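Undergrad: for reference, the sequence and a predicted model appear below.
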Amino acid sequence: MFGFISSFSTLLHSAIIFGTVIMLGAIGEIVTEKSGNLNLGVPGIMYMGAIAGLASTFMYENVYCANLGIQANDFLCVIICLGSTFLASALGGLLFSFLTITLRANQNVTGLTLTILGSGIGNFFGGSLNKLAGGVGQVSVNNTSRIFRLYSNKMVEALDSVTGSFKLGTLFFSYGFLTYVAIILAILILLYLNKTRMGLSLRAVGENTATADATGINVTLYKYLATCIGAGISGLGGIYYIMVYIKGTWENQGTIEALGWLAVALVIFATWRTVRTIWGAYLFGMLYWAYFYIPGLTRSSQEIFKMAPYLVTIFVLLMVSMRKKKESQPPGSLGSAYFREER
């Protein structure tokens, strides 16, 4: 019994770390899609955010501070990393916005192109960083990664000692600050979309762009802002993977791209509600890593388990389609270019 509890706690702990990556990606994409823009470039945006955050921090921590012989400032490490990540990802969103809103390019094709572009940029500069650092696997920003993974050992140990095999301290409080920021962000964005005038205007743009335009809402401004800010939030998922999951280095095995597609799937699973991404992301994480805790599985069986999040998403999509509840449907103008002269 205690062995099962310990294994489940370990699985849930891994699921929370893994799930936070796709939660951030999904939250950003929900903000984008609420404006009526369908950005399938989330994996590429996560790549762009990840490499920008890693490269800027590497230059500050391992080049600037190392050359001056000074200790890297913890606060500056975090600010430089998060600022670079958000800015690079938002620029990806700006490129998508220009092509799809101003030039009215096809959103599906543009999003897929952005994924290819972003992964190419990430792996090109990631390879350059590896070469600069002295070889593959040599890129390391230990100080910044440590801050992203920092938590109170005393609080965790005290709670673990009280709860025994359940290890509630490890389960709930052994994560870096960005894990809790993601949860708070999901709640705040839900309140923004449902309780504020600007949030309701954004939803109106996504539901019926022509009607929103007729009422005096600046459709272009809302679409640009939502897409760029949403892309910036999605990019935070990429830097979370780099700094927390693989501890401040770079890898080009395509994991970020896979997580980006899971984030897109999570948007559908959560039926475009940011709060649902919280438990949905952790469920995806548990389904993805469950094979580690099932003995006797072959490699092909493990790959089937990795398909589980996508299969669950398809099931939810089928259920939503059959029930046809308005609140569970995507925004009415999602994926459609807006031609004002045809209003």
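TA: Looks like it came in fine.
Undergrad: when you work out contacts or count neighbours from here on, use the C-alpha atoms and nothing else.
TA: Fine.
Undergrad: which stretches of the stretch 1-150 of the chain have low pLDDT?
TA: Flagging of the stretch 1-150 of the chain using pLDDT under 70 yields the residue ranges 1-6, 135-137.
Undergrad: where along it do the helices fall?
TA: In the stretch 1-150 of the chain, the segments counted as helices under DSSP state H, counting those that start in this stretch are 2-33, 42-58, 65-68, 74-97, 107-133, 142-148.
Undergrad: list the buried residues of the longest one.
TA: Under the neighbour-count criterion of 16 or more other CA atoms under 10 Å, helix 2-33 has 8-33 buried.
Undergrad: again, but for stretch 176-187
TA: By neighbour count on 16+ other CA under 10 Å, the buried set for stretch 176-187 is 176, 178-179, 182-183, 185-187.
Undergrad: could you do stretch 316-336 as well?
TA: For stretch 316-336, the neighbour count (16+ other CA under 10 Å) marks 316-317, 320, 328, 330-336 as buried.
Undergrad: make TSV from the residues you listed and add distance to Lys247 and pLDDT to it.
TA: Putting these into TSV (distance: CA to CA, whole Å; pLDDT from 0 to 100) gives the following:
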residue	distance to Lys247	pLDDT
Val316	34	75
Leu317	35	74
Val320	38	70
Ser328	37	74
Pro330	36	88
Pro331	37	91
Gly332	41	89
Ser333	40	90
Leu334	37	93
Gly335	36	88
Ser336	40	87
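Undergrad: narrow those to those in helices?
TA: Those of the buried residues of stretch 316-336 mapping onto helices are 316-317, 320, per DSSP state H.
Undergrad: switch those over to TSV; also include distance to Glu157.
TA: Converted to TSV, those look like this (distance: CA to CA, whole Å):
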residue	distance to Glu157
Val316	39
Leu317	42
Val320	43
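Undergrad: nearest to Gly118 among those?
TA: Leu317 (27.8 Å; CA to CA).
Undergrad: now flag whichever of the ones in helices among the buried residues of stretch 316-336 is closest to Leu91.
TA: Set against Leu91, the nearest of these by CA to CA is Leu317 (31.0 Å).
Undergrad: please verify my assumption that the closest one contacts Val267.
TA: No: the criterion here is CA atoms under 8 Å, and Leu317 misses it with Val267 at 10.6 Å.
Undergrad: can you redo the helices of the stretch 1-150 of the chain as a markdown table with distance to Gly169?
TA: What follows is the helices of the stretch 1-150 of the chain, written out as a markdown table (distance: least, CA to CA, whole Å):
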| stretch | distance to Gly169 |
| --- | --- |
| helix 2-33 | 11 |
| helix 42-58 | 29 |
| helix 65-68 | 35 |
| helix 74-97 | 25 |
| helix 107-133 | 36 |
| helix 142-148 | 18 |
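Undergrad: so which of those gets nearest Ala204?
TA: Between Ala204 and those, the shortest separation by CA to CA is 11.8 Å, and it involves helix 2-33.
Undergrad: quick one: work out the angle between that closest one and helix 42-58.
TA: If you take axes from the mean of the first three to the mean of the last three CA atoms, to 10 degrees, helix 2-33 sits at 100 degrees to helix 42-58.
Undergrad: pull the contacting residues for the closest residue to Phe269 other than its chain neighbours.
TA: Excluding the flanking residues, the one nearest Phe269 by CA to CA, 6 or more residues apart in numbering is Thr313, at 5.2 Å. Contact analysis of Thr313 by CA atoms under 8 Å, 6 or more residues apart in numbering lists 265-266, 268-269.
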